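A.B. asks: Quick one, fold the following:
(2 chains)
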Amino acid sequence: MPHSKPEKESGRRPSDIEEIKKAQDAWESKLKHAEEKKPARKKRFTTLSDMEVPLLSTPADLAATGFDYLKDLGFPGEFPYTRGVQRNMYRGKLWTMRQFAGFSSAEETNKRFKLLLEHGQTGLSTAFDMPTLMGYDADSPKGRGEVGKCGVSVSSLEDMETLFSGISLGDVTTSMTINGPAIVILAMYLAVAEKQGVPKEKVRGTLQNDILKEYIAQKEWLFPVLPAVKLVVDTIEYGAKHYPNWNTVSISGYHIREAGATAVQELAFTLADGLGYVDACLARGMKIDDFAPRLSFFFDVHNDFFEEIAKFRAARRIWARLMRDRYHAKDSRSWMLRTHAQTAGVSLTAQQPYNNIVRVAVQAMAAVFGGTNSLHTNSMDETLALPTDEAVMIALRTQQIIAEESGIDNVIDPFGGSYFMETLTAKVEKETLEYIHRIDEMGGIVRAIERGYPQSEIANSAYHFQKQLEAKEKVMVGVNKYQTKETPRNFETLYIDRTVEKRQIERLVALRAKRSQHNYEVAMRHVKEAAQNDQNMMGPIIEAVKHYATLQEVCDCLRGVYGEYREAGSF
Amino acid sequence: MKSDRKNIRVLVAKPGLDGHDRGAKVIARALRDAGFEVIYTGLHQTPEMVINAAVEEDVQVVGLSILSGAHNALVPEIIEGIKKEGLNDTLFLVGGIIPDEDIPGLKKCGVHMVFTPGASLQEVVEYIKKHAPARN
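C.D. replies: Sure thing, here's the model as predicted:
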């Protein structure tokens, strides 16, 4: 009978793990034999973070991790959110395409914002210059040469009004990347929204406001750790009461990764920072479900495609379990790790800069496969200078091509169930939890930072990577392999001239002359008293900026009460 | 090595508000591993602080790491200050994000070499070995 064989095949029971393991062993011995004749290209095959990767993963490998579909993956929009936080993910709503922008003066950045909105961008994202990030006004001698250089200069409410002029804050979501003086910048933003008549529940966006990672990686701090965390808790508390749709903290791994951390270190230190804020809010007397739903995250997305996807999946699973099991959060929104992602700035090369377009595309795809909720794609020229309009447009178009041409948006978590991806996700999760437990044992992240623990772990990884790069164990195309003699820099880069600084200073001097001195002084006295009496600082700071107290005036007042942070110059 | 000292002394400094210290720290470790005596200033140094550190530590080499675009404002002031203190033969190096068109200007005001992204640790080490001035 011609059909007997297929019938017999279909009647066969599926192979079990033991059988697979046996077959795998047999295959491996054949492989060994084959590799004696034709050896593998390298001794070690590792991820970018130097994690060893198996040649092949099978159901037997996955079973060895104790994998359980319902427990470890479940369904999108459901605990533990490994497959994503929304039930229908990108079919319902694409990720937010949010290109970070800010340079020169508030007028110039306002123009760039309008350009991006015109071209289909769906959220704004503000970069501030160094003096602003460090709580200094444009006319401070400390910021000489840095005004408007790597972001927009905002010294007062007047600058903030210019920055968002002609943009209704009720219709856009705004992300603001600032940490040390974040409370003052948030106060200015809320004051502008109020002046525009936007109802509080329609003010949407995200303040980075993650001071812990500043001590770990980005190093833009003002105050010692404890008062700085207190200010973060002030904003969370105020936001939870008055601005229900504002994300007061974006707990950021981006800078930790860029400083040299591995993928696991990025994830571990970021989640540990998150736990630090949760503990501080609980210590203030807040209830977990009153603030946890508005905590959001921000991760780097680097070159190693699978490692990055695994990182995003593991991040959601770990956070969900910690929130439910350690903090007993009941609201499912408290369990969800919502995240923004940005392609890796450190992966961009000054050499052969057009190659960066390709790197960014690969990284952006990893972020989307990883289920990110929002994404910034870097521009090809960002290793040379702030991006030009043309370069920013290519970066935005990269996202639009992935979203609307590639078909990736059609299906949720297509790597889910892959033997390799699930094994890797489990490994990232396990190693991350080991770090988190070590930090718990130190007494939490604030103690760990004071001991310099995350800082030195990151510096070790950065040095290790650099040595691997020089030994050509890791490759950067165009830098340590496939170099070309001359780097053609025949494309335009953006140049910020010194007159920006001069004009900004003139405006600031004029503002101080025209504001009501009496109102300013009264408001500043309230700021000082509130700081001395350990009150929530949001209200008094909003009042002060409304009376045109400048950023530095408020920060200096707080420095007077809290002191300043100094780091030992260790390496 | 031209120096009479056993080890070349190098100051690695981060002037300005820029907090990007990955490069400075990696360089500091590499120079230490290469046998130099390395002093790292830490972050957020004013030009005066860098000048004082260079003088107090009596270094032969000053490496300035700047990634924020403030190099044209800060570098000349630091070099001038150190030279004013009599350390005329100091080897001045700059590393970071420095646009090509700014390099001639920096060299004119006394920078011996600018290392931009992609420069290897070995290049920096070799350059210092070859060019560090002799000090007693």
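A.B. asks: Just give me the residue right at the centre of the chain.
C.D. replies: Defaulting to chain A. Closest to where the C-alpha atoms of chain A average out (Cα atoms, centre = their mean) is A:Phe298, at 2.3 Å.
A.B. asks: what's the longest helix in the chain?
C.D. replies: You didn't say which chain, so I picked chain A. helix A:419-442 (DSSP state H).
A.B. asks: wait, I meant chain B there
C.D. replies: Assigned via DSSP H, chain B shows its longest helix as helix B:71-84.
A.B. asks: Could you point out the helix or strand that follows that one?
C.D. replies: strand B:91-96 (DSSP states H and E).
A.B. asks: Disregarding residues adjacent in the polypeptide, which is nearest to A:Glu567?
C.D. replies: Distances taken as Cβ to Cβ, 6 or more residues apart in numbering or on different chains place B:Gly42 nearest to A:Glu567, at 5.8 Å, with adjacent residues excluded. For every residue, glycine as well, the C-beta is placed using N, CA and C.
A.B. asks: Just to be sure, that neighbour is in a helix?
C.D. replies: No - counting by DSSP: H, G, I helix; E, B strand; the rest coil, B:Gly42 is not part of a helix but coil.
A.B. asks: residues in the stretch 301-450 of chain A within reach of chain B, list them.
C.D. replies: Applying Cβ under 8 Å from any Cβ of the partner chain, we find that the stretch 301-450 of chain A lies next to chain B at A:Val346, A:Thr349, A:Ala350, A:Gln351, A:Thr383, A:Leu384, A:Ala385.
A.B. asks: re the thing from before, summarise which helices and strands the longest helix of chain A is packed against.
C.D. replies: If you count contacts as 3 or more Cβ pairs under 8 Å, 6 or more residues apart in numbering or on different chains; DSSP states H and E, helix A:419-442 packs onto helix A:59-64, helix A:263-284, helix A:305-321, helix A:445-450, helix A:453-470.
A.B. asks: list the buried ones in the helix or strand harbouring A:Gln552?
C.D. replies: If you go by DSSP H and E, A:Gln552 is part of helix A:551-562. Neighbour-count burial for helix A:551-562 flags A:Leu551, A:Gln552, A:Glu553, A:Val554, A:Cys555, A:Asp556, A:Cys557, A:Leu558, A:Arg559, A:Val561, A:Tyr562 (criterion: 16 or more other Cβ atoms under 10 Å in any protein chain shown).
A.B. asks: Next: stretch A:501-516.
C.D. replies: Within stretch A:501-516, the residues that qualify as buried are A:Glu501, A:Arg503, A:Gln504, A:Ile505, A:Arg507, A:Leu508, A:Leu511, A:Arg512, A:Arg515, counting by 16+ other Cβ under 10 Å.
A.B. asks: from those residues, which is closest to chain B?
C.D. replies: Proximity of the buried residues of stretch A:501-516 to chain B (Cβ to the nearest Cβ) peaks at A:Glu501, which lies at 9.0 Å.
A.B. asks: Which secondary structure state is assigned to that closest one?
C.D. replies: helix.
A.B. asks: Which ones among the buried residues of stretch A:501-516 map onto helices?
C.D. replies: Using DSSP H, the buried residues of stretch A:501-516 in helices are A:Glu501, A:Arg503, A:Gln504, A:Ile505, A:Arg507, A:Leu508, A:Leu511, A:Arg512.
A.B. asks: Look up phi and psi at the residue lying closest to B:Ile97 once chain neighbours are set aside.
C.D. replies: Spatial nearest neighbour of B:Ile97, chain neighbours left out: B:Leu67 (4.7 Å); criterion: Cβ to Cβ, 6+ apart. Note on B:Leu67: backbone dihedrals following degrees, to the nearest 10 are phi -120, psi 10.
A.B. asks: Low-confidence ranges, chain B, go.
C.D. replies: B:1-5, B:136 (pLDDT under 70).
A.B. asks: Neighbours of the residue nearest to A:Glu567, how many?
C.D. replies: 19 (other Cβ atoms under 10 Å in any protein chain shown).
A.B. asks: can you tell me how far the residue lying closest to A:Leu337 once chain neighbours are set aside sits from chain B?
C.D. replies: Spatial nearest neighbour of A:Leu337, excluding adjacent residues (Cβ to Cβ, 6+ apart): A:Trp319 at 4.0 Å. A:Trp319 is 27 Å from chain B, where distance means Cβ to the nearest Cβ, to the nearest Å.
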